[in-house]
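A.B. asks: Sequence first, predicted model second:
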Number of protein chains: 6
Amino acid sequence: MHVLDAPPIASQPAARARSFAARYAGATVLALGAHPDDIELGIGGTLAALSGAGARVVMAIVSVPADFQTRCAEARAAAAILGCELRLLMDGGCHRIEDFKNYQLVGMVDELVRELAPAALLTHGPGDFHRDHVAVYHAAFSSQRLAQFDFYSYLPTMCRPVPVPFQPRAYVDISRTIGRKIQAIAAHPSQFSSRGITFELYRDIARLNGRMCGVEYAEGLDINRMVFA
Amino acid sequence: MHVLDAPPIASQPAARARSFAARYAGATVLALGAHPDDIELGIGGTLAALSGAGARVVMAIVSVPADFQTRCAEARAAAAILGCELRLLMDGGCHRIEDFKNYQLVGMVDELVRELAPAALLTHGPGDFHRDHVAVYHAAFSSQRLAQFDFYSYLPTMCRPVPVPFQPRAYVDISRTIGRKIQAIAAHPSQFSSRGITFELYRDIARLNGRMCGVEYAEGLDINRMVFA
Amino acid sequence: MHVLDAPPIASQPAARARSFAARYAGATVLALGAHPDDIELGIGGTLAALSGAGARVVMAIVSVPADFQTRCAEARAAAAILGCELRLLMDGGCHRIEDFKNYQLVGMVDELVRELAPAALLTHGPGDFHRDHVAVYHAAFSSQRLAQFDFYSYLPTMCRPVPVPFQPRAYVDISRTIGRKIQAIAAHPSQFSSRGITFELYRDIARLNGRMCGVEYAEGLDINRMVFA
Amino acid sequence: MHVLDAPPIASQPAARARSFAARYAGATVLALGAHPDDIELGIGGTLAALSGAGARVVMAIVSVPADFQTRCAEARAAAAILGCELRLLMDGGCHRIEDFKNYQLVGMVDELVRELAPAALLTHGPGDFHRDHVAVYHAAFSSQRLAQFDFYSYLPTMCRPVPVPFQPRAYVDISRTIGRKIQAIAAHPSQFSSRGITFELYRDIARLNGRMCGVEYAEGLDINRMVFA
Amino acid sequence: MHVLDAPPIASQPAARARSFAARYAGATVLALGAHPDDIELGIGGTLAALSGAGARVVMAIVSVPADFQTRCAEARAAAAILGCELRLLMDGGCHRIEDFKNYQLVGMVDELVRELAPAALLTHGPGDFHRDHVAVYHAAFSSQRLAQFDFYSYLPTMCRPVPVPFQPRAYVDISRTIGRKIQAIAAHPSQFSSRGITFELYRDIARLNGRMCGVEYAEGLDINRMVFA
Amino acid sequence: MHVLDAPPIASQPAARARSFAARYAGATVLALGAHPDDIELGIGGTLAALSGAGARVVMAIVSVPADFQTRCAEARAAAAILGCELRLLMDGGCHRIEDFKNYQLVGMVDELVRELAPAALLTHGPGDFHRDHVAVYHAAFSSQRLAQFDFYSYLPTMCRPVPVPFQPRAYVDISRTIGRKIQAIAAHPSQFSSRGITFELYRDIARLNGRMCGVEYAEGLDINRMVFA
């Protein structure tokens, strides 16, 4: 590696004015995930930072596929840790997203968008390998015809690692909320500790993302659309 | 077309807090273009909005390929209209970018980034068909190793239309500065009016971008990297 | 922008021999759309030019999702304006495309292709955000195993703007049929005027496409396959 | 493999009206290749069909890298076999394309486009692995700002096989000119027979392309832009 | 074409140690196909080489869509020719893959992966045009979370040619098993000979792939993941 | 996240037979890097494993851009740590790759490939942001016309982090050689310790890659071509 005679890194001015929290202060942010724990894995640190800075943050889970009571309780505990409101779109018991039509899923997300008028919506991305995650992304994509919100995708989330391409386009500093992110994931023992599965993968990813933007820990997002209006 | 029973568009809350100008208020923004008029065509409206809101905006032109005096004067006039500082990287006469090595170009951009410590850098994109534009993009890409700035690309710019893929990822409302953008482009008569070439293409593009985000006129940007820290 | 010393635009010889209508004169062209109004929005001008030049043009709508009588009547009116035959694949009442299996949809398109032996098939593209549109594209793709027709995709169609990548690869001059295209769209008041929705977006797109190929108005197509045999 | 109950292939009507030759009858077609033999390998059959049908076909070679006299003579023999005019852009002796700047190459192609006002330009594609081929593609791309011609790319050409992605988007029936294509390639003994290198690869590719569109032999093209005006 | 003064091809040392069979000797390889004949068309030669070298090779067909007895018998005959074990995932009669949910399909593939612990899994690719093939690919992709196997995709398989992009990334020499591949395909008369459909396309493809890697016949694979551990 | 009722991970059989070292035992492997330290950063662990298993491994550096004596000494020290032979293509003093033509670079790589007849070549990838790295990749790509070697790309290498997309397609277990990789990087104090730059980024990446394939540390490779013959 040789790039132009070892130039010193320019000193970075304090940029709190350009934090994620600054952009959405006083606004509503909608985080959408297919199942309990997806949102925590993808953007737990970002949401904690947002709610801590005064944004209203709604975590909307599409469905609970099994162990309804347990997983709802875990989701509630995690949402409390992150300072977020919790919603369940396919309520009343266990459901599988594939058992619903895409137009039904679009209807549920539309309703939420109409109610909340979010300034930003964060959900799964189109390159995820889990078909349910992709379906949720597509439904969220459709809801853009209703309103002009910023629209982000978080990394493919999974309990057991499968390599899937994901290149962050935005980095959110979560150095001060990494602890709460980890706590919120740990609030899902049915998915991790009780099955002997570690989630250290997500701390490693956050550290690597941090290196990419000069902070200790960061979450990476892909940006589908931003509206500067 | 049928998407879920004709839902009403959610009323949009005032979002000035999420404008481009709000994000970079009090900071320095660096606009980089291969030749005179590129920056105006790509982001004239955005720059006028930024400078109007108090950001320091530097328009850095890499080279003047011909008619040195005329084109420098046009560039100065345009920069004045947009409220921006003007820089010329390959100064002292006409130069062709291809006659310099990539490492020399990286050196010039590095120097600028070190001096200005910009919060954002906007330049050509990798999909442009003009080799000089792509070279400038690559040099700007390299300068990311020096500092953590937001890094955007604007649309392929050209005097005579050639179809090239470009899909905006961010929309910047320029409804209030479209007039100044047009004026700034018109400040380059050597490229347009004196050759009988119209630049109405750029107004059409701004109108179309505006439709995509619910305003009258907008400029579209691709986002290479954003840092929320 | 500086490309080689301002060369004059070469004078264009009359190219009627290379028009879309010339290519399909005396042949059958099949236009396929998921719902009423999709075809008009995407290629109304092209179809009017084709039918005006003596091609047999069949507009095949896959399903009417709601307001069966109204929307059928609107579709008939629009087809008449464009000089096209109208077909409805999922006839007899309202249907949702997602309620059919892909193999059923392939069967319907196959039947049409076998009956009409079209020289060209134009339909939605794979990058459309509406899942129904993508399903129709996939079905049309499959029907290529039956016959050697030219296969084109038109732009993502929608009532309310959502940014979706679409880069035309072919431009069809519709300067003489833009009026009929607009009339044909206006023949769908249930989707536009009665809901207070404008469709000026499509005129803007046609103007921009026109600029890209040196005419007043054009429609853009992506080309999936052409057979010069 | 199972696609919908084994449907019979629809009988194909005679489509001579949609041949490549029909589209460009009476017009000028410009074939551009980096070095002698590239054009023959890529589109020898297509050019023979065009010239046979009365189009003016110009084969423009950018440079002869070695053995000037021999390779010029071979190129002349091949052009004669295909019924085409021959041009050499970097004339007067051996030249390497890389020793010229991109703007110089653009200038040469521009001049040719202005002189010939071609209805179609066929050249290398952007995915070729040979840097000279890509440079020629870029120069041809730029010349689109001068005029509205159809713009095609042919497959990566090479003496010794290297796998490179290339997916034809258009198929040109060369069943009646495959013999002349092979003859034209064989007219370059310095590249093939005298080095013990076979060019049967190109016959195999033509046969495979033929299978894809229901004829005996075909050449495949990618389509960068078509103008139906 | 001119690449550096006609260099002689380096003499190739014998590389049997790097054959596909060497990599999987003594291990289990799982070949997965949507319907009878897909696996033979895609990787019949590779499987014959593997089984001949002592690997355990399991051909798992997801469903028989029609003519249950006939097609099962054909599949058994083909598997015997290739020296492979045969499995049918949706057993007991005709089934259509689309009539199952994705999670059901994932369950079936998971079970197979758990039972066999394959060192490699070969199946359809994501770019196939047949929706059933893509569904099988997605299910196989998901099963990567269970175990660390090499994961390959074979070319789009079809009875009647449809152009679909597929670029091999790996080449497997099948010069010694091409005959058995052809025999195994011919063991499906219900799909080919009894319908008057040739499968010479696949011999042509194998010859072309062979040219790309210096052997007589080869099969091409895309590589999704390899684990060198 | 919910994928099919929490299935247990299949127990993995010992797979040393499928290690990278097993594939290239007794053969020559060529590692190619633009400048000193690139190879160590990208594939130091893989090379140590290969040389330790008896492969001949040649590290070929294209150029030393500055501090010739120092950097040559560092490169020699690193090569010794990894058990590799060292070559310098642009020898005799400092050189910049851009000051050479692509055909000259191809000539240098060709010569090496002819001399060594490598079973595998590992170098930079096409998506790297450093123009020199991309130039070296292109030259290596061209050398495929001379011989049938496996051709891999390693991740973008850099001293200061810049986000660039890179998705491994192959994972090489380096759990037993991570220490030597780190030592080999540390052997370049002029690039890291003496400038106060850490290279912990590369340990983090190796840990993350390890998680993706169930080992402690791994290096990720993209695969351009593999030949199983």
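C.D. replies: Received, thanks. Worth saying up front: this structure is predicted, and the values here are computed from it rather than measured.
A.B. asks: Low-confidence bits of chain A, can you list those?
C.D. replies: Counting by pLDDT under 70, the ranges of chain A that qualify are A:1-15.
A.B. asks: Of all residues in it, which one is nearest the centre?
C.D. replies: The centre of chain A sits closest to A:Ile43, judged by C-alpha atoms, centre = their mean, with a distance of 3.4 Å.
A.B. asks: quick one: it from chain D, how far?
C.D. replies: From A:Ile43 across to chain D, the span is 35 Å (C-beta to the nearest C-beta, to the nearest Å). (C-beta placed from N, C-alpha, C; glycine too.)
A.B. asks: Excluding residues flanking it in the chain, which one is nearest that residue?
C.D. replies: Computed as C-beta to C-beta, 6 or more residues apart in numbering or on different chains, the closest residue to A:Ile43 that is not its neighbour in sequence is A:Tyr154, at 5.0 Å.
A.B. asks: how close does the one you found sit to chain E?
C.D. replies: To chain E, A:Tyr154 is 18 Å away according to C-beta to the nearest C-beta.
A.B. asks: Spatially nearest residue to the residue in chain A that chain D sits nearest to (excluding sequence neighbours)?
C.D. replies: Ranking the residues of chain A by distance to chain D (C-beta to the nearest C-beta) places A:Pro165 first, at 17.7 Å. Spatial nearest neighbour of A:Pro165, chain neighbours left out: F:Gln167 (4.1 Å); criterion: C-beta to C-beta, 6+ apart.
A.B. asks: you'd agree the one you found is up against F:Met212?
C.D. replies: No: at 10.4 Å, F:Gln167 and F:Met212 do not qualify as touching, with contact defined as C-beta atoms under 8 Å.
A.B. asks: Burial check on the closest residue to chain C within chain A, number of neighbours?
C.D. replies: Using C-beta to the nearest C-beta, A:Arg145 is the residue of chain A that sits closest to chain C, at 4.2 Å. Counted by other C-beta atoms under 10 Å in any protein chain shown, the residues lying close to A:Arg145 total 21.
A.B. asks: so A:Met226 sits right up against B:Tyr171, yeah?
C.D. replies: Yes: between A:Met226 and B:Tyr171 a contact is recorded at 7.2 Å, counting by C-beta under 8 Å.
A.B. asks: All the strands of chain A, in order from the start?
C.D. replies: Using DSSP state E, the strands found in chain A span residues A:28-33, A:56-61, A:85-88, A:120-123, A:150-154, A:170-173, A:218-228.
A.B. asks: what does chain A have sitting close to chain E?
C.D. replies: Applying C-beta under 8 Å from any C-beta of the partner chain, one finds that chain A approaches chain E through A:96, A:98-99, A:129-131, A:158-163.
A.B. asks: roughly how far apart are A:Tyr103 and A:Ser142?
C.D. replies: Between A:Tyr103 and A:Ser142 the distance, using C-beta to C-beta, to the nearest Å, works out to 9 Å.
A.B. asks: who's more crowded, those two?
C.D. replies: A:Ser142 (24 against 21).
A.B. asks: in stretch A:211-220, what's buried?
C.D. replies: A:211-215, A:217-220 (16 or more other C-beta atoms under 10 Å in any protein chain shown).
A.B. asks: re the thing from before, ok, which of the strands of chain A comes nearest E:Ala17?
C.D. replies: Shortest distance between E:Ala17 and the strands of chain A, using C-beta to C-beta, is found for strand A:218-228: 41.0 Å.
A.B. asks: Just want the angle from the closest one to strand A:150-154.
C.D. replies: 160 degrees (axes from the mean of the first three to the mean of the last three C-alpha atoms, to 10 degrees).
A.B. asks: Which positions in strand A:218-228 come out as buried?
C.D. replies: Of all the residues in strand A:218-228, those buried under the rule 16+ other C-beta under 10 Å are A:218-228.
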